[in-house]
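In: my questions concern the predicted model and sequence given below.
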Protein chains: 2
Amino acid sequence: MADKKIPYKIYLEENEMPKAWYNMRADMKNKPAPLVNPGTGQPLKKEELAPIFCEELVDQELDNDTAFVDIPEEIRGFYKMYRPSPLVRAYCLEEKLQTPAKIYYKFEGNNTSGSHKLNSAIAQAYYAKKQGLKGVTTETGAGQWGTALSMACSYFDLDCKVYMVKVSYEQKPFRREVMRTYGASVVPSPSETTDIGKKILAEHPGTTGSLGCAISEAVEVATKNPGYRYVLGSVLNQVLLHQSVIGLETKTALEKYDIHPDMIIGCAGGGSNLGGLIAPFMGEKLRGEADYRIIAVEPASCPSFTRGKFAYDFCDTGMICPLAKMYTLGSSFIPSANHAGGLRFHGMSTTLSQLYHDGFMEAVSVEQTEVFEAAEQFARVEGILPAPESSHAIRVAINEALKCKETGEEKTIVFGLTGTGYFDLVAYEKYNNGEMGDVIPTDEQIAESLAKLPQI
Amino acid sequence: MADKKIPYKIYLEENEMPKAWYNMRADMKNKPAPLVNPGTGQPLKKEELAPIFCEELVDQELDNDTAFVDIPEEIRGFYKMYRPSPLVRAYCLEEKLQTPAKIYYKFEGNNTSGSHKLNSAIAQAYYAKKQGLKGVTTETGAGQWGTALSMACSYFDLDCKVYMVKVSYEQKPFRREVMRTYGASVVPSPSETTDIGKKILAEHPGTTGSLGCAISEAVEVATKNPGYRYVLGSVLNQVLLHQSVIGLETKTALEKYDIHPDMIIGCAGGGSNLGGLIAPFMGEKLRGEADYRIIAVEPASCPSFTRGKFAYDFCDTGMICPLAKMYTLGSSFIPSANHAGGLRFHGMSTTLSQLYHDGFMEAVSVEQTEVFEAAEQFARVEGILPAPESSHAIRVAINEALKCKETGEEKTIVFGLTGTGYFDLVAYEKYNNGEMGDVIPTDEQIAESLAKLPQI
C-alpha cells in the first residue's frame, strides 16, 4: 500500500462518508469548563440556554460524554450535495517549493457558501426546523457563515436574519446579494435595529464593528422574537461537533492511501474549522493511540491563543451572552479595520482552549502581508484562490515545508483549506496595489481590554 | 447494473480521465466550411494563420480528419489539479419539480476561473510556451475566459494581456483583481490602446463594448508585438477540441452507471461549452451508433442560431479577423447592455453551425428574467449559485423536466453547468431588486446588421 500512487485529489465514495460526528470532549480528561451565567456565576443549565439556542443543540453543547453522535438522514442527504470534499495532494506547490515534504490540504471551498461553514449551518437549520421554529438569527464576519446559513435556511424553508460586521458588509457587497438570493435579510452591525447596537454606536461612533457586536445584536433579536433562536457558526462545542465531518473525511482519505501525517495545521478564529479538522486525530492523541503535531494559526492582529489570557469572558462585546472559559483578548477587543477577512473574534472555542492549555496543541500567529504572499503563491501553483482566513494555514504549511527543505526531512503536512477568496477581492486588490500593512495590537491595548474581564 | 445506486456526484478516478481529446469534425460528412481570408476570399492557409495563432493550434484548427488528439502530459497534469469535474445527479431539483425525469449536470465551476474555460486556456498556454512565445493576448466577456487564461499563463510563466468587454469590466471589478493576482494586465474594451479601439470609440461613443470589439483589439496587439500571439476562448475548432474533455468525462461517468441520456442541453455563446459537452455523443450520432436530442440554448437578446443567418461573416466587430461560415447576427450586432453575463457573441462555432444546419441539433432561445428565475430555483435546491450563462441550460432543463411531469415520461436529461455566478452578483442584485428586464432585438435591428455581411 505504501507505494500506491496517490492521486492529486482523493474523493471518498458516498458510502465512505461519516455517518456520525465525533465529539472530542468525550476523550478529554480535562473537560472544557462549562458556560457560566454572568448574573449568577453558576454553570448554565439547559433551561437557561433554551431561550437562546435550539433544544437539541443545547444538548449537544452540554454533552461532554457521548463520543459519536449520529448524523440525521436529512443532513447526510444535504452533505451529499456538496461533500465529500477533496483531500488534495499539493504536488504543484511541493514542486514549486522544491521541498521533500508531502503536503495535503482538505478543501472545503467547493460549495456556494465558499467555506466549511455549511457543515454546521445545515445541522443547526435542521434542528431549528425540527423544533418547529419560524427562523433563526445570526452574525457573520467575512460573510461565509451568513451565506452558509442562508443556504441552509432556504433548504429547510426557515426565515434567516443575518447581522454582518460592518467592515465586511462594506468590503463585500456581493456577499449580501448571495444571501438575498437565498432569501435572507442582512443588516450591517452595529445597527440601529437593536438596543445593544444603538448603545455601541453611541459609545463608538464610526466603529467598523466586530463579531462580538454582531453576536450581541443577533442574540437580542432572537430572544425578543417568539419562534426565533440564535445560531452561531463557530466557537461553540456543537459547531466543533458538526465540523468533525471535515476531520473524519480527511482521516478516512488518508487511511485509504496509508498516509500518516506528521502535523495538522488549521487557521483559528473561533475554532470551528480547526476543531473540526483535528477532531479524530486529537481523539487518537487523547487516547494515546497516535501522536501528531497540531498547529493553530491565528492572525497577529487578533492573537487570542498566543497573546490572550485563559479566563472566563463574555463571548460578545455587548456582554449579554454566557461566559466561557477560553483564551481571550477581552470582549472589548476590536481588531484593526486593516485586518482583512474573518478570524476577528476576541476569544476561542472552550474545547480548543482547554486542549491548548493542556499542551495537546501548538499555536502560532502570522502577519497579514506574509499571509497574502502565501495566498498568491498558492493560487498561482495550485489554481485555487484561497480565502484570507485559510491562507493563514497555507503560510505556516509553506513555512514547515521550507524547514523540511533545509533539513531534508520528508514530513507529511496536512492543512485545512477552509474556503475560497472569491469574495475577498477588495483585500486582494489592496495587496496587489501594495497598500496592505500589518497592524499588531500593542501590549497596552491588550492589557486594557483584558483589564475588563469579568470577575469570576 | 441498471439498479446500481447512483450517487449524488459521480467522480471519475484519475486513471479514467481522458487521455485524448475528441475531434467531432473527423466524423462529420459535411465538414465545417473553412476560414476565409477577407482580402482574397480564399480559404486561409496555415501560413496566413500563423502570425495570429500558435502553430500547433493552427494545425488543430485546420485538422478535420484526426478523431483523437493526445492530451500532452503537462496539460493532463494541470487537469488533475481541478478535474475530473463531478457529474451531479440533481436529486433535490427533481424532488422540488416533482418530475419523473432524471436530471444530471456536469459541473465545471469548481476551479478558481469559475468555469469550463480553463480546459482550453491551459492547452493554449501550453502550446504558446512550447513555441517559445513571450505572451498572449485575448478578449474576455463575462471575465471567465480572461481569468482562466490568467491562471494558465501564470502556470507556464507567460505574459497575459486581456481586453475585457467594458460592460463586464464595470460590472465585475473583482474579476480584474483575480486576473491581476495571477499577474495579467486587463484593459476595458473598446480602449484607446489600439487603432481599432480608437476607431470604434469615435464611431460609437459611450458604447459598452462587445466581444467582437475586444477580439479586434486583442488581435491587433498580438500581431503588432513580436513574440505574442492571440488566443481565443470560444468559437474556434481548437477550443471545441480541448473542451471535449467535458463530454468525454460525462460519457465515461454515465457509462459507469449504465445511464442512457435522452437529451443533452448546453448554453451557447460562441459554442465552446456546448461543443465540448456534446462532442462524444454527437460522434455517436454522426456515426449512427446512437441517437440523442441535442439542444443549444441561447439568450433571446443575442440569438444567433435561432434568428441569425448561416453565412460567412467576420468573427470580430473590427472586421480584421478571418471570415467564418456560421450562424451570425452580423459582426456589427451588439447585444443590449441590459443583457447580463456572457453569451454576447454575434456568431457561433463553424462546427456547431454546420451540425445545426444539417439537423443534428436543435436550438432554442430564452429570455433573461426566466433564466434568472431558473437560476434562483436551482441555487436554492442544489446549493450552487450558477453563472447566468449556465442558467440558460438550467432553464431549458427545467422546462423539459416539467414536460416529463405532464407526460409521465422518465426521460434522462443531462445539461452542462458551465460555471458559478460568484462574479455575477451585480446581475443577481438587479434580479433580486426586480430591476431586470428582457431586451430582445427587433427584426429591423437584426436585418440592419445582417445587411452588412461581407459578400463572398
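Out: Cool, the structure landed. Only a predicted model underlies this, so the values are computations on that prediction, with no experimental measurement involved. Numbers count the residues shown, from 1 in each chain, chains lettered A, B, ... in the order given.
In: quick one: low-confidence ranges for the stretch 101-250 of chain A?
Out: For the stretch 101-250 of chain A, applying pLDDT under 70 flags no range at all.
In: which residues of it lie near chain B?
Out: Contact residues (C-beta under 8 Å from any C-beta of the partner chain) of the stretch 101-250 of chain A with chain B: A:110-112, A:114, A:118, A:151, A:154-155, A:173-174, A:177-178, A:180-183. Glycine gets a C-beta too; all of them are placed from N, C-alpha and C.
In: could you do the stretch 351-456 of chain A as well?
Out: A:376, A:379-385, A:420, A:422-423, A:425-426, A:428-429, A:432.
In: now the buried members of those.
Out: With neighbours counted by 16 or more other C-beta atoms under 10 Å in any protein chain shown, those contain buried members at A:376, A:379-385, A:420, A:422-423, A:425-426, A:428-429, A:432.
In: which ones among those residues lie within strands?
Out: Using DSSP state E, no member of these falls in strands.
In: the stretch 301-450 of chain A: strands as residue ranges?
Out: Applying DSSP state E, counting those that start in this stretch to the stretch 301-450 of chain A gives strands spanning A:309-314, A:323-328, A:362-366, A:412-417.
In: tabulate those (a markdown table), appending mean pLDDT and mean neighbour count.
Out: Formatted as a markdown table, the strands of the stretch 301-450 of chain A follow (pLDDT from 0 to 100; neighbours: other C-beta atoms under 10 Å in any protein chain shown):
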| stretch | mean pLDDT | mean neighbour count |
| --- | --- | --- |
| strand A:309-314 | 96 | 22 |
| strand A:323-328 | 96 | 26 |
| strand A:362-366 | 98 | 19 |
| strand A:412-417 | 98 | 27 |
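In: so which of the ones you listed gets nearest residue A:91?
Out: Among the strands of the stretch 301-450 of chain A, strand A:412-417 comes nearest to residue A:91, with 13.2 Å by C-beta to C-beta.
In: packing partners for that closest one?
Out: Contacts defined by 3 or more C-beta pairs under 8 Å, 6 or more residues apart in numbering or on different chains; DSSP states H and E place strand A:412-417 against strand A:102-107, helix A:237-256, strand A:263-267, helix A:272-286, helix A:388-407.
In: I'd like the ones you listed as JSON lines, with mean neighbour count appended.
Out: Listed next are those as JSON lines, based on neighbours: other C-beta atoms under 10 Å in any protein chain shown:
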{"stretch": "strand A:102-107", "mean neighbour count": "24"}
{"stretch": "helix A:237-256", "mean neighbour count": "25"}
{"stretch": "strand A:263-267", "mean neighbour count": "27"}
{"stretch": "helix A:272-286", "mean neighbour count": "26"}
{"stretch": "helix A:388-407", "mean neighbour count": "23"}
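In: who are the contact partners of residue A:166?
Out: Applying C-beta atoms under 8 Å, 6 or more residues apart in numbering or on different chains to residue A:166 gives the contacts A:188-190, A:207-209.
In: most neighbours, which of those residues?
Out: Highest neighbour count within the contacts of residue A:166: residue A:189, with 33 neighbours (other C-beta atoms under 10 Å in any protein chain shown).
In: just the buried ones among the residues of the stretch 351-456 of chain A next to chain B: which are in helices?
Out: Residues of those located in helices (DSSP state H): A:376, A:379-382, A:425-426, A:428-429, A:432.
In: export the residues you listed to CSV and tack on distance to residue A:370 and pLDDT?
Out: What follows is those, written out as CSV (distance: C-beta to C-beta, whole Å; pLDDT from 0 to 100):
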residue, distance to residue A:370, pLDDT
A:376, 11, 95
A:379, 15, 94
A:380, 16, 92
A:381, 17, 91
A:382, 18, 92
A:425, 20, 87
A:426, 19, 85
A:428, 15, 92
A:429, 18, 89
A:432, 16, 88
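In: how about residue A:165: what's its closest non-neighbour residue?
Out: Leaving aside its sequence neighbours, residue A:165 sits nearest to residue A:209 (C-beta to C-beta, 6 or more residues apart in numbering or on different chains; 4.2 Å).
In: quick one: what helix or strand has the residue in the stretch 151-300 of chain A that chain B sits nearest to in it?
Out: At 3.7 Å from chain B, residue A:174 is the closest residue in the stretch 151-300 of chain A, using C-beta to the nearest C-beta. Assigned by DSSP states H and E, residue A:174 falls within helix A:173-181.
In: what does residue A:186 give?
Out: strand A:185-189.
In: next, the angle helix A:173-181 makes with that strand.
Out: 140 degrees (axes from the mean of the first three to the mean of the last three C-alpha atoms, to 10 degrees).
In: is it true that residue A:136 lies in a helix?
Out: No - judged by DSSP: H, G, I helix; E, B strand; the rest coil, residue A:136 forms no part of a helix; its state is strand.
In: what about it, neighbour count?
Out: 31.
In: check contacts around the residue lying closest to it once chain neighbours are set aside.
Out: Nearest non-adjacent residue to residue A:136, counting by C-beta to C-beta, 6+ apart: residue A:231, 4.7 Å away. For residue A:231, the contact set (C-beta under 8 Å, 6+ apart) comprises A:53-54, A:57, A:121, A:124-125, A:128, A:136-138, A:149.
In: out of those, grab the one that's most surrounded.
Out: Neighbour max across those (other C-beta under 10 Å) = residue A:149, 33 neighbours.
In: thinking again about what came up before, now the strands of the stretch 301-450 of chain A in CSV, with distance to residue A:391?
Out: Shown next, in CSV, are the strands of the stretch 301-450 of chain A (distance: least, C-beta to C-beta, whole Å):
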stretch, distance to residue A:391
strand A:309-314, 27
strand A:323-328, 22
strand A:362-366, 9
strand A:412-417, 9
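In: looking at those, which is nearest to residue A:236?
Out: Using C-beta to C-beta, these put strand A:323-328 closest to residue A:236, at 8.9 Å.
In: what sits up against that closest one?
Out: Against strand A:323-328 from outside (C-beta under 8 Å, 6+ apart): A:32-33, A:35-38, A:235, A:304-305, A:308-315, A:346-350, A:353-354, A:356-357, A:450, A:453-454, A:456.
In: hmm, 6 Å instead?
Out: A:33, A:35-36, A:38, A:304-305, A:308, A:310, A:312-313, A:315, A:346-348, A:350, A:353 (C-beta atoms under 6 Å, 6 or more residues apart in numbering or on different chains).
In: fine by me, we can end here.
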